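# Could you look at this predicted model? Sequence included:
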Amino acid sequence: MKDLKELNLLDRFLFAEAMEDPENMRDVLEIIFGKNTKNLPKRSRFYQSMIDSKLLEPGEKDFNKMNDVYIILIAPFDLFGEGKYMYTFQMTCQESFSVLLNDGATRIFLNTHGTNPEDVSPELVELLHYIENTTQEVADSCTSPRIHKMQERICSIKSSEEVSVKYMQRWEEMEMEKDKARAEGRNSIAKLMDKLLEENRVDDCKRAVKDPEFCQKLMDEFGIE
């Protein structure tokens, strides 16, 4: 387990805590968009569906009332292998790429290991490096005043006793969930072994212990979850 002070903004807990501050959220979005503004491809699709489902009141039939939506994912690797810091996707027609669907949905994938600084703003490059290495040293090397201010707020979060307790509680909850999952897994294996032994399938018992895929196939066969 990392210490709270060792977390980077790529860590979900610290990012969530930081983005609860409207100023941090505003600064990050302004740097990404370059202007003032208010499994990863499939995960972005899932996030988009969750957001879309909340944009209209139940029973509302006028879909033009839906606001534009931006799905932003930040990764410490290049998902598409083109060396870009930013990949922006909108719906286009496969038969004519100049034709946009204009459904108001935009997905942006940010890569902290981009190699095309000439195509994005220097501030975005600094932000992505800072997100991956959220330290005072990296913040000091940035020229962006917004990142300097963000670092001050991040330091405040990392030194907060209240946030530290919250982080420990979350870690304990995750460990309890893992223990529960392991216990359920052991119970499932035990049920499977009982079923196989009842049918005198000793060879299948031996194979299931060494072959996870075969084990899952047998669980499906017996309807064991």
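Structure's in. What do you need? Numbers count the residues shown, from 1 in each chain.
# Quick check: residue 88 touching residue 107?
Yes - with contact defined as Cβ atoms under 8 Å, residue 88 reaches residue 107; the gap is 7.4 Å. For the C-beta atoms, the positions are set from N, CA and C on the backbone; glycine is no exception.
# neighbour count winner among these two?
More crowded of residue 88 and residue 107, by other Cβ atoms under 10 Å: residue 107, with 20 against 12.
# Report the secondary structure state of the most centrally placed residue in the chain.
Per Cα atoms, centre = their mean, the C-alpha nearest to the average position across the chain is that of residue 73, at 6.6 Å. Taking DSSP: H, G, I helix; E, B strand; the rest coil as the rule, one finds residue 73 in the strand state.
# Residues in a beta bridge with it, which ones?
Going by DSSP bridges, residue 73 is paired in beta bridges with residue 109.
# Grab the longest helix from this protein for me.
Longest helix in the chain, counting residues (DSSP state H): helix 161-198.
# buried stuff in it?
By neighbour count on 16 or more other Cβ atoms under 10 Å, the buried set for helix 161-198 is 163, 167, 188, 192-193, 195-196.
# Need these in a markdown table (columns: distance to residue 119 and pLDDT).
Formatted as a markdown table, the buried residues of helix 161-198 follow (distance: Cβ to Cβ, whole Å; pLDDT from 0 to 100):
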| residue | distance to residue 119 | pLDDT |
| --- | --- | --- |
| 163 | 36 | 94 |
| 167 | 37 | 93 |
| 188 | 50 | 85 |
| 192 | 54 | 88 |
| 193 | 58 | 88 |
| 195 | 59 | 85 |
| 196 | 59 | 87 |
